[in-house]
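Q: no sequence on hand, only this structure:
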C-alpha cells in the first residue's frame with residue numbers, strides 16, 4: 001500500500017515532468033514559428049550574378065557627369081538596369097524606347113540605370129547627349145560590375161523591384177510593348 005508521503009512524491013515528480021514537457025513543447029512551437037518566418041523573409045543579397053528572386057548586391061559607378069551613383073541611392077524605387085554599349089546595334093536601337101518609357105514613368109517611382117560596357121567616357125556621354133537620354137548613364141570602364149552581375153551579352157536588362165529583389169532578367173532588345181508588359185506591372 002502506498003503511503004501519503006509516497007503519493008506526494010509521485011505528484012511532485014509528475015508536476016516536474018509536466019513542466020518539462022510544457023517547456024519543451026513551447027520551445028518546439030517557437031522553433032517551428034521561427035523556421036516558418038525564416039522561409040518567408042526577404043532573400044539576402046546575392047554575392048554572385050543577379051538571380052530572379054534574390055536581392056541585388058549594392059554597387060557604385062561613376063556617371064557621365066563624374067558623380068558617384070550607387071544602386072542603394074534608389075532604394076524603394078523600381079530600377080531597370082540596362083547593360084549597353086555604343087558598338088552594339090540592338091543596344092543603340094532600343095534607347096529611344098527606353099528613354100520614352102522612362103520619361104512616361106519617371107514619376108512612378110521608376111528609374112533606368114544605363115550601364116555602359118567599356119566605352120570611353122567621352123563616347124558614352126556623346127551618345128547620351130545625341131539621343132537626349134533623360135536617365136542616368138553609368139560607366140563600367142573595365143566591365144567589372146556588369147561581369148559581377150552575370151551580364152555577358154548586350155543588351156541585357158535586370159529589373160529590380162522596389163523591395164530590392166530581382167524580378168526579371170531580359171536578354172536582348174526591349175521594345176515599348178515589352179517594357180509595358182514586363183516592367184509596368186511592378187510600378188505603383
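A: All right, it came through fine. Because the structure is predicted, anything quoted here is derived from the model rather than measured. Numbers count the residues shown, from 1 in each chain.
Q: and the closest residue to residue 118 other than its chain neighbours, its phi and psi?
A: Nearest non-adjacent residue to residue 118, counting by Cβ to Cβ, 6 or more residues apart in numbering: residue 143, 5.0 Å away. Backbone N, C-alpha and C define where each C-beta goes, glycine included. When read as degrees, to the nearest 10, the backbone of residue 143 gives phi 60, psi 20.
Q: can you give me the neighbour number for residue 143?
A: Using other Cβ atoms under 10 Å, residue 143 has 16 neighbouring residues.
Q: check residue 179 too.
A: Neighbour number of residue 179 under other Cβ under 10 Å is 23.
Q: repeat that for residue 123.
A: Here the number of neighbours of residue 123 (other Cβ under 10 Å) works out to 14.
Q: hang on, the residue nearest to residue 118 packs against residue 116?
A: No. In this structure, residue 143 is not within contact of residue 116 by Cβ atoms under 8 Å, at 9.4 Å.
Q: list the contacts for residue 174?
A: Applying Cβ atoms under 8 Å, 6 or more residues apart in numbering to residue 174 gives the contacts 82, 94, 97-98, 155, 157, 182.
Q: residue 127 now?
A: Counted by Cβ under 8 Å, 6+ apart, residue 127 has contacts 86, 92, 119, 133.
Q: now residue 92
A: Residue 92 makes contact with 84, 86, 127 under the criterion Cβ under 8 Å, 6+ apart.
Q: okay, and the beta partners of the most centrally placed residue in the chain?
A: By Cα atoms, centre = their mean, the mean C-alpha position of the chain lies nearest to residue 165, the distance being 2.9 Å. Per DSSP bridges, the residues bridged to residue 165 are residue 55.
Q: please report how far it lies from residue 98.
A: Shown here: residue 165 relative to residue 98, a distance of 22 Å by Cβ to Cβ, to the nearest Å.
Q: residue 134 now?
A: 10 Å.
Q: the more surrounded of these two?
A: Higher neighbour count among residue 134 and residue 98: residue 98, with 25 against 13, using other Cβ under 10 Å.
Q: tell me how far that one lies from residue 54.
A: Between residue 98 and residue 54 the computed distance is 24 Å (Cβ to Cβ).
Q: list the contacts for residue 62?
A: Residue 62 is in contact with 68-69, 138-139, counting by Cβ under 8 Å, 6+ apart.
Q: if it is in a bridge, with which residues?
A: Each beta-bridge partner of residue 62 is listed here: residue 68, residue 139, as defined by DSSP bridges.
Q: do you know the pLDDT at it?
A: We have a pLDDT of 97 for residue 62.
Q: what do you get for residue 23?
A: Looking at residue 23, its pLDDT stands at 61.
Q: quick one on the thing from earlier: nearest to residue 106 among the contacts of residue 92?
A: residue 84 (18.6 Å; Cβ to Cβ).
Q: among the contacts of residue 92, which one lies nearest to residue 5?
A: Within these, the smallest distance to residue 5 is 87.6 Å, found for residue 84 (Cβ to Cβ).
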